[in-house]
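J.: Curious how this folds, go ahead:
(chains A and B)
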Amino acid sequence: MRIATFNINGIKARIEALPRWLDAEKPDVVCLQEIKSVDEAFPRTLFEDMGYVVETHGQKGFNGVAILSRFPLEDVVRGLPGDDSDEQARWIEATVMAPRPIRVCGLYLPNGNPAPGPKYEYKLAWMARMEARVADLLAGEEPFLCAGDYNVIPQREDAAKPDLWTEDALFLPQTRSAFRRLVNLGLTDAFRARNQAPGQYSFWDYQAGAWERNNGIRIDHLLLSPQAADRLTGAGIDKAVRAGDKPSDHVPVWITLDA
DNA sequence: ATGGCTAGGCTCCCTAGA
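T.: Numbers count the residues shown, from 1 in each chain, chains lettered A, B, ... in the order given. Next comes the predicted model:
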């Protein structure tokens, strides 16, 4: 089973590129971020006609997450628990009813720039809430994963020019520390478990020829619970998608699981 | 002093992204 995460940077803008990639790679489950659409405007029938079940958690203009799945989705939760006043659509979770079911959490973690400031405080608070949610899920000792745009560069080798990011909310020590706390609860960074080579990125800025110079960062991650990691058979980044027509600034990152 | 572009709002410039 192949499970992917893809920040599409707008469903309307990716109305051709997303189906093109789905046709080519045929992932079983996809967590989408930055759909930038309300639920009613999401072109769900396009994906239903391709054999996917569609669950969205959108909002007007910005943010917005969704899950596409070839298997039924059950027990859908929209919004990250822990703060009823949070109106940003950045979290959706559901149980994928594959032969061996797995809980999938799709997330779009706040960017946090400029730091310091209220946006950075929101990012850190959001990460603390996610840590609490993950701790709850771990207590269940069931397979689950958290897939999405974390807006976190975990290590120097995850950026082409790490020294340019030292003051950035994606790479500040507090950000990386919060990410480590999450991982150290007992999750596995699936891509790094399978591939230790540097220079492998999931985002390239539209500006300044970042793609042409391979000036990228690795910020899209799939973190696996122990019971999910037991089944991990592969992981990769669909880098070529960035060179396609009208690309997102992110590319899909995927894993394969046993059965 | 500086984000070299892209996307969406309800626009003819603004916010936001990373």
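J.: any idea how far A:Phe203 lies from A:Ile8?
T.: A:Phe203 sits at a distance of 12 Å from A:Ile8 (criterion: Cβ to Cβ, to the nearest Å). In this view, the C-beta of every residue, glycine as well, is placed from N, C-alpha and C.
J.: I should have written A:His221 there, sorry.
T.: With the distance defined as Cβ to Cβ, A:His221 ends up 16 Å from A:Ile8.
J.: Also A:Phe71?
T.: 21 Å.
J.: and the two? which has more neighbours close in?
T.: Under the criterion of other Cβ atoms under 10 Å, the comparison of A:Phe71 against A:Ile8 puts A:Ile8 first, with 25 against 17.
J.: Get me the contact residues on the stretch 1-150 of chain A for DNA strand B.
T.: Taking Cβ under 7 Å from any atom of the strand, the part of the stretch 1-150 of chain A that reaches DNA strand B is made up of A:7, A:9-13, A:34, A:36-37, A:60-62, A:110-111, A:113, A:119, A:149.
J.: Which strand residues bridge A:Leu232?
T.: Here A:Leu232 shows beta-bridge partners A:Leu257, assigned using DSSP bridges.
J.: Is it correct that it is in contact with A:Arg192?
T.: No. Taking Cβ atoms under 8 Å as the definition, A:Leu232 is not a contact partner of A:Arg192, at 11.4 Å.
J.: Can I get the one helix or strand A:Ser177 maps to in CSV? Just the C-alpha atoms.
T.: Counting by DSSP states H and E, the secondary-structure element that holds A:Ser177 is helix A:173-184. Presented in CSV, the C-alpha positions along helix A:173-184 are these (Å, rounded to 0.1, in the frame of the first residue of the first chain):
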residue,chain,number,x,y,z
PRO,A,173,16.4,25.7,17.4
GLN,A,174,13.0,25.9,19.2
THR,A,175,11.3,24.6,16.0
ARG,A,176,13.7,21.7,15.6
SER,A,177,13.5,20.9,19.3
ALA,A,178,9.7,20.7,19.1
PHE,A,179,10.0,18.4,16.1
ARG,A,180,12.4,16.2,18.0
ARG,A,181,10.1,16.0,20.9
LEU,A,182,7.4,14.7,18.6
VAL,A,183,9.7,12.1,17.0
ASN,A,184,11.1,11.1,20.4
